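J.: build me a model from this:
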Amino acid sequence: MVIGYGSPVSDRKRKFSPGSPHIASAKRSKKPGLRIGGLPTDILSSITSKLPLKEAARTSILSSQWRRIWLCRPNIDLSYHTLLSQSDDARRWTTRRNILNRLKFIKSVGEVLQQHEGLGTESIRISFHLCDRYADHMDKWMKYTIASKAKGLILELLSVNFGPTIVRYNFPLQMLDTKKNSSLRRLRLHFVSLCPPADFRGFQNLTRLCLQDVSITNEDLQRLLSEGNHLECFRIACCETLTSLKIPHYVNRLKFLLVLSCPLLQDISLDCDVPALHYRGPLIPLKLAAPSKLTNLWIMLPSCHSALGFISSELPTTIRHLEKLRLCCSQFEGTDVVSRLRSFLSLRQLILDLTITDLPRRTIDILDLGYLLEAAPFMEKLELHMVMRCLHKRYRPEDGELRSLPSCPHSHLSLVTITGFIGEKDQLELALHILRNAMVLKALKIYPRPCAVDSVPARLRPEERIADGRSVALEFLAKSDHRNVVEVIAAFNLPCLIESTFGYR
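T.: Residues are numbered from 1 along each chain as shown. Predicted coordinates for the structure are as follows:
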């Protein structure tokens, strides 16, 4: 029989000398290597904590050593995404499927919390469609949170798949008494009811509190913000029962206040010196302590007759230290407020998000925004984000000479960003005014494309507007640039300015 080269028989008969490299490699392969199971338990716990809850739980079947390692997780995320396989179809569940999945979710949460070590817990998040009917189970989960000395709790009881008569879970505020819990620092509640007991002494240890779609009265909210609390960040959103918001003076550690979309809210009164305020909703009275130490202000209004009118008339006169201002609104008409425009000597950064919707005839003069250079003589950064929901007319020399405002040399403005520049005459006049008067200007960035292209109806031909804006900027603005600071940018991806504006997460 002929045996070919490389056959199993020939390999068995082939002999190697003791010094053969094949023998050496075989010896090296027998050396013990580093296995993941040989790592210390705390390192293994850190590794499994980076895995999703389902995948981390699967490691328990590897060996007896791995059985409880996955339970030592600093952040426990319990939601339909992590516990139920039907998460992708959560919004399509039938009534029977809703009940079965709630029961399955409650059982899974109980099993996880029962097995969890409870040591070193940083935060617990529970997110599912639950109501007061399951209060007994949720009370047990809250007791576990207190016993585990977790620093953060997120309870998101989503209102989806419930009828209008559903009773919300009454969150047990008495559990947060200082004597019972000294560890919880961050609390976020969604779709619950808050009714503080008469002897409730407030959040003595919390530094961050977020209430979203929470049922609470004005009086109960005042009781929550009792004297001696340590709140630094307070966020309240979509609370439909709140009609008045008053932050007392003894909440003196508050650094950030956010109020979003509370439809019945009629006024905001701040007796404390909060440095940052973000408000979204209709125009309501804003009362501040005198003098106010507010430095960062972000106002989002559904509509506004005039941005300059709001700045000159609606901002409280007690704001003397305002450094950053962002105003988002839709303008419907122009108004003569130039003579009443106040001075903001502390303002360093101004952001205006304006939607111009004065159809069928333009009455808003964008050139009036040039008076802001006089009103804020120490401003360093200016951003104008414009969406022109009106009839468009690209500027041409036959449309008349370009207007100019009185000379106003500005010695601090160094960075200007204009988006939604579509080549309108008053837009060009404003850009030229800034270019001529900003003495230390380092960059004037022109973006013909608006921040939100989808907000411009297709019938207004947004792509044609973008092309007109680019050609006007290159033809008239760039030619007047003798310092090489103008930059016309066709496309962009502006970052979200929420955190950069307020500097607080």
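J.: hey, let's count contacts and neighbours off CA atoms from now on
T.: Will do.
J.: what's near enough to touch the nearest residue to T217 once chain neighbours are set aside?
T.: Excluding the flanking residues, the one nearest T217 by CA to CA, 6 or more residues apart in numbering is L242, at 5.7 Å. With contacts defined as CA atoms under 8 Å, 6 or more residues apart in numbering, the neighbours of L242 are 216-218, 262, 264-265.
J.: among the residues you listed, name the buried ones.
T.: 216-217, 262, 265 (16 or more other CA atoms under 10 Å).
J.: now render those as a markdown table, adding pLDDT and secondary structure.
T.: Shown next, in a markdown table, are these (pLDDT from 0 to 100; DSSP: H, G, I helix; E, B strand; the rest coil):
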| residue | pLDDT | secondary structure |
| --- | --- | --- |
| I216 | 96 | coil |
| T217 | 95 | coil |
| C262 | 96 | coil |
| L265 | 96 | coil |
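J.: mind giving me TSV with these and columns for distance to D199?
T.: Putting the buried ones among the contacts of L242 into TSV (distance: CA to CA, whole Å) gives the following:
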residue	distance to D199
I216	17
T217	17
C262	28
L265	27
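J.: now, which of those residues sits nearest A135?
T.: Minimum distance to A135 across the buried ones among the contacts of L242 is 18.1 Å, recorded for I216 (CA to CA).
J.: contact partners for the closest one?
T.: 193-195, 239, 241-242.
J.: re earlier: distance-wise, check the residue nearest to T217 relative to L297.
T.: Separation of L242 from L297 (CA to CA, to the nearest Å) stands at 22 Å.
J.: now swap in L350 and tell me
T.: Going from L350 to L297 by CA to CA gives 10 Å.
J.: common neighbours of these two, please.
T.: Common neighbours of L350 and L297 are listed as 324-326 (criterion: CA under 8 Å, 6+ apart).
J.: just checking, which of those belong to strands?
T.: Here DSSP state E is the test, and these give 324-326 as lying in strands.
J.: which of the residues you listed sits closest to S159?
T.: For these, the minimum distance to S159 (CA to CA) is 32.1 Å, reached by R326.
J.: dig out what the closest one forms beta bridges with.
T.: R326 forms beta bridges with W298, I351, as assigned by DSSP bridges.
J.: residues contacting it?
T.: For R326, the contact set (CA under 8 Å, 6+ apart) comprises 297-299, 350-353.
J.: give me the pLDDT value at N181.
T.: Looking at N181, its pLDDT stands at 58.
J.: just the one 3 residues further on next, same as before
T.: Per-residue confidence for L184 comes out at a pLDDT of 89.
J.: tally of neighbours for it?
T.: Counted by other CA atoms under 10 Å, the residues lying close to L184 total 24.
J.: and the end-to-end length of stretch 475-483?
T.: First-to-last residue span, stretch 475-483, CA to CA: 16 Å.
J.: same question for that stretch: list its buried residues.
T.: 476-478.
J.: can you redo those residues as a markdown table with secondary structure and distance to L84?
T.: As requested, the buried residues of stretch 475-483 are arranged in a markdown table below (DSSP: H, G, I helix; E, B strand; the rest coil; distance: CA to CA, whole Å):
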| residue | secondary structure | distance to L84 |
| --- | --- | --- |
| F476 | helix | 60 |
| L477 | helix | 58 |
| A478 | helix | 58 |
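J.: among the residues you listed, which one lies nearest to L258?
T.: Out of the buried residues of stretch 475-483, the one with the shortest distance to L258 is L477. That distance is 39.3 Å, counting by CA to CA.
J.: surely the closest one and L430 touch.
T.: No - using CA atoms under 8 Å, L477 makes no contact with L430, being 10.4 Å away.
J.: what are the ranges of the strands in the stretch 151-300 of the chain?
T.: 152-157, 169-170, 186-190, 192-193, 208-212, 233-237, 244-247, 256-260, 267-270, 276-280, 286-288, 296-300 (DSSP state E, counting those that start in this stretch).
J.: ok, of the ones you listed, where does mean pLDDT dip lowest?
T.: When I compare the strands of the stretch 151-300 of the chain, strand 286-288 is least confident, with a mean of 92.
J.: thinking D77 is in contact with F128, fair?
T.: No - applying CA under 8 Å, one finds D77 not in contact with F128, separated by 11.2 Å.
J.: could you list the domains of the chain?
T.: Here the chain is described, according to automatic domain parsing, as comprising the domains 36-73, 288-395+408-505.
J.: can you lay out the contacts of I216 as a markdown table showing distance to E424?
T.: Compiled in a markdown table, the contacts of I216 are given as follows (distance: CA to CA, whole Å):
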| residue | distance to E424 |
| --- | --- |
| S193 | 51 |
| L194 | 52 |
| C195 | 55 |
| C239 | 41 |
| T241 | 44 |
| L242 | 43 |
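J.: now rank these by neighbours and give me the top one.
T.: Using other CA under 10 Å as the neighbour criterion, C239 leads those with 23 neighbours.
J.: hmm, it is touching D213, no?
T.: Yes - here C239 lies in contact with D213, judged by CA under 8 Å, at a distance of 4.7 Å.
J.: for the nearest residue to F378 once chain neighbours are set aside, give me the pLDDT.
T.: Spatial nearest neighbour of F378, chain neighbours left out: H412 (5.5 Å); criterion: CA to CA, 6+ apart. According to the prediction, H412 has pLDDT 98.
J.: what's the helix or strand for H412?
T.: Applying DSSP states H and E as the criterion places H412 outside every helix and strand.
J.: list the contacts of it.
T.: Counting by CA under 8 Å, 6+ apart, H412 touches 377-380, 438-441.
J.: ok, the contacts of R326 vs L369, which is closest?
T.: For the contacts of R326, the nearest to L369 is L352 (10.0 Å; CA to CA).
J.: separation between the closest one and E314?
T.: When distance is defined by CA to CA, L352 is 15 Å away from E314.
J.: which of those two has more residues huddled nearby?
T.: Ranked by neighbour count (other CA under 10 Å), L352 and E314 place L352 first, with 20 against 14.
J.: do I have it right that the more buried one meets L372?
T.: No - counting by CA under 8 Å, L352 sits too far from L372 to count as a contact (11.2 Å).
J.: quick one, helices of this protein?
T.: With DSSP state H as the definition, the chain shows helices at residue ranges 8-13, 21-29, 41-49, 53-58, 80-83, 95-115, 135-147, 218-224, 307-309, 372-375, 425-437, 462-472, 498-502.
J.: so where's the stretch 301-450 of the chain uncertain?
T.: Residues of the stretch 301-450 of the chain that meet the criterion pLDDT under 70 lie in 335, 337, 339, 358-361.
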